[in-house]
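> Provide a 3D model corresponding to the input given below.
(chains A and B)
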Protein chains: 2
Amino acid sequence: MASISLHPAIDQGIRQGTPDFAGGTLVCACTDRPVTVRINAQVLHNHACGCTKCWKPAGAIFSIVGVVPEDKVEVTANGDKLKVVDPSALIQRYACTACGVHLYGPIEKEHAFKGLAFIHTERSTDPGWAAPEFAAFVSSVIESGTRPSDMPAVRARLKELGLEPYDCLSPPLMDALAIYAARKAGTLRE
Amino acid sequence: MASISLHPAIDQGIRQGTPDFAGGTLVCACTDRPVTVRINAQVLHNHACGCTKCWKPAGAIFSIVGVVPEDKVEVTANGDKLKVVDPSALIQRYACTACGVHLYGPIEKEHAFKGLAFIHTERSTDPGWAAPEFAAFVSSVIESGTRPSDMPAVRARLKELGLEPYDCLSPPLMDALAIYAARKAGTLRE
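Reported below is the predicted structural model:
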């Protein structure tokens, strides 16, 4: 059986990151005045995401999205082309208004992940970005057109690639969200 | 290592249901005028739930909660003691105002699971209810007081009992929610 295609960056297997990698430059898809964003850090983690809001290259079912501290993000050229896709969303996804590529998405509201920004390392030609570690919001790919009958094959292929499929975030991240909620509610005081 | 206690109905192992079981009667904890609810069906499925809203017996980290079609639910005694705990919640949890036990919780709003009601089969002495099959909203137990450092033991114990831990619902149920959303959005037309 031919494998189902998930995303060009992982369809041929996962490429591991470089231990001492310290960042690189993201570029949008424009040939004229491309937006460039310098990321001054390795991603804290990278993952495949099936949600309907993350930017995906043409034909991809999943996005590949990583997280860095927002203060490691620096717009270095043509930032005037950037605009937040949906200001009401938790993640403020700054996209190029000409080509549509998302360059970075900080969380600025009160939230467990406030201060982090989501980026797509595939928009960088610098080698060494950390590999994706799991797949989040897998069931959501149905909402962007994946046939429900293909879901067993989608989850099987993710597992085969070493990306454990979750229909929300991974357990450590879900625990982090619950810890934040418990502290806010006063249930957890440590 | 002593196992972590999750819920009295599963701490000694999972008891399987009876194939031809057709329902039973739920009773609240009151000795005076107990509320009784007749369930005219086996549960469609049963699961452990870590959310903060489901009713749990004293000391339990998880609830055990099953689903039946709402039209199989019949209040048979002292229904005047019932009141919805939180009318704004998706699940309208009818609880006994005297003892606090939840008797049934229908979903009445537009939703993928509209027409179903959540029940706690442990409130019935009739043997044969279907066994829990997985654990939902596991990370949420942190919000009701489980220490974050206990989470690896909680997930390990669930797996040992054969209850795969999920931080949302199980993949088939998450797919069902996504299918509902995709149909509503017009993305899925089958």
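> distance check, A:Lys53 against A:Leu82.
Distance check for A:Lys53 against A:Leu82: by Cβ to Cβ, to the nearest Å, it reads 17 Å. Any C-beta I mention is one placed from the backbone N, CA and C, and that applies to glycine too.
> mind checking how far the residue minimising distance to the centre of chain A is from A:Trp129?
Averaging the C-alpha coordinates of chain A gives a centre point, and the residue nearest to it by Cα atoms, centre = their mean is A:Val65 (1.6 Å). Per Cβ to Cβ, A:Val65 is found 11 Å from A:Trp129.
> what is in contact with those two at once?
The overlap between the contact sets of A:Val65 and A:Trp129 (Cβ atoms under 8 Å, 6 or more residues apart in numbering or on different chains) consists of A:Asn46.
> now the helices for chain A?
Chain-ordered helices for chain A, with DSSP state H as the definition, fall at A:151-160, A:171-185.
> what lies in contact with the longest one?
Applying Cβ under 8 Å, 6+ apart, the external contacts of helix A:171-185 come out as A:111-113, A:168-169, A:188-189, B:138-143, B:145, B:148, B:151, B:155, B:165, B:167.
> 6 Å - rerun?
A:Ala112, A:Cys168, A:Leu188, B:Ser139, B:Ser140, B:Ile142, B:Glu143, B:Pro148, B:Met151, B:Asp167 (Cβ atoms under 6 Å, 6 or more residues apart in numbering or on different chains).
> now swap in the first one and tell me
Outside helix A:151-160, the residues within contact range by Cβ under 6 Å, 6+ apart are A:Ser3, A:Ile4, A:Ala135, A:Pro165, B:Asp175.
> which residues touch the second one?
Okay, so that is A:Ile4. Contacts were defined as Cβ under 6 Å, 6+ apart; by that measure A:Ile4 touches A:Ala153, A:Val154, A:Arg157.
> for A:Val85, same thing?
The neighbours of A:Val85, taking Cβ under 6 Å, 6+ apart as the test, are A:Arg93, A:Ala95.
> re earlier: most neighbours, which of the contacts of helix A:151-160?
Neighbour counts for these peak at A:Ala135, which has 28 neighbours (criterion: other Cβ atoms under 10 Å in any protein chain shown).
> is it correct that that one is in contact with A:Leu163?
Yes: using Cβ atoms under 6 Å, A:Ala135 is in contact with A:Leu163, at 4.5 Å.
> got the residues of chain A near chain B?
Where chain A comes near chain B, counting by Cβ under 6 Å from any Cβ of the partner chain, the residues are A:139-140, A:142-143, A:145, A:148, A:151, A:167-168, A:174-175, A:178-179, A:181-182, A:187.
> who touches the strand ranked longest in chain A?
Of all the segments assigned as strand in chain A under DSSP state E, the longest by residue count is strand A:63-69. For strand A:63-69, the surrounding residues in contact (Cβ under 6 Å, 6+ apart) are A:7, A:9, A:39, A:41, A:43-46, A:48-49, A:54-56, A:116-122, A:132.
> so which of those belong to strands?
Residues of the contacts of strand A:63-69 located in strands (DSSP E): A:Ile39, A:His45, A:Asn46, A:Ala48, A:Cys49, A:Leu116, A:Ala117, A:Phe118, A:Ile119, A:Pro132.
> I'd like those as TSV, with neighbour count and distance to B:Arg15 appended.
Shown next, in TSV, are these (neighbours: other Cβ atoms under 10 Å in any protein chain shown; distance: Cβ to Cβ, whole Å):
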residue	neighbour count	distance to B:Arg15
A:Ile39	26	53
A:His45	17	40
A:Asn46	23	43
A:Ala48	28	38
A:Cys49	25	39
A:Leu116	19	44
A:Ala117	25	49
A:Phe118	23	45
A:Ile119	26	49
A:Pro132	28	40
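> which one of these sits closest to chain B?
If you rank the ones in strands among the contacts of strand A:63-69 by distance to chain B using Cβ to the nearest Cβ, A:Cys49 comes first, at 14.0 Å.
> hmm, the closest one is touching A:Ala136, no?
Yes: A:Cys49 is in contact with A:Ala136 according to Cβ under 6 Å; the separation is 4.9 Å.
> distance-wise, check A:Pro132 relative to B:Val138.
According to Cβ to Cβ, A:Pro132 and B:Val138 sit 23 Å apart.
> how about A:Trp129?
Noted for A:Trp129: a distance of 31 Å to B:Val138, by Cβ to Cβ.
> apart from its neighbours in sequence, what residue is nearest A:Tyr94?
Of all residues beyond its chain neighbours, the one nearest A:Tyr94 is A:Leu82 (4.5 Å), with distances taken as Cβ to Cβ, 6 or more residues apart in numbering or on different chains.
> what is the neighbour count of that neighbour?
Taking other Cβ under 10 Å as the neighbour definition, A:Leu82 ends up with a count of 18.
> specify the beta-bridge partners of it.
When bridges are called by DSSP bridges, A:Leu82 pairs up with A:Cys96.
> doesn't A:Arg93 make contact with it?
No: using Cβ under 6 Å, A:Leu82 and A:Arg93 do not qualify as a contacting pair, with a distance of 10.0 Å.
> can you list the low-confidence ranges for chain A?
Scanning chain A for pLDDT under 70 picks out A:1-2.
> change it to 50
Within chain A, the ranges that satisfy pLDDT under 50 run A:1.
> nearest to B:Cys30, of the ones in strands among the contacts of strand A:63-69?
Checking the ones in strands among the contacts of strand A:63-69 against B:Cys30 by Cβ to Cβ gives A:Cys49 as the nearest, at 48.3 Å.
> ok, the residue lying closest to A:Val75 once chain neighbours are set aside to chain B distance?
Leaving aside its chain neighbours, A:Val75 sits nearest to A:Val37 (5.3 Å; criterion: Cβ to Cβ, 6+ apart). Separation of A:Val37 from chain B (Cβ to the nearest Cβ, to the nearest Å) stands at 31 Å.
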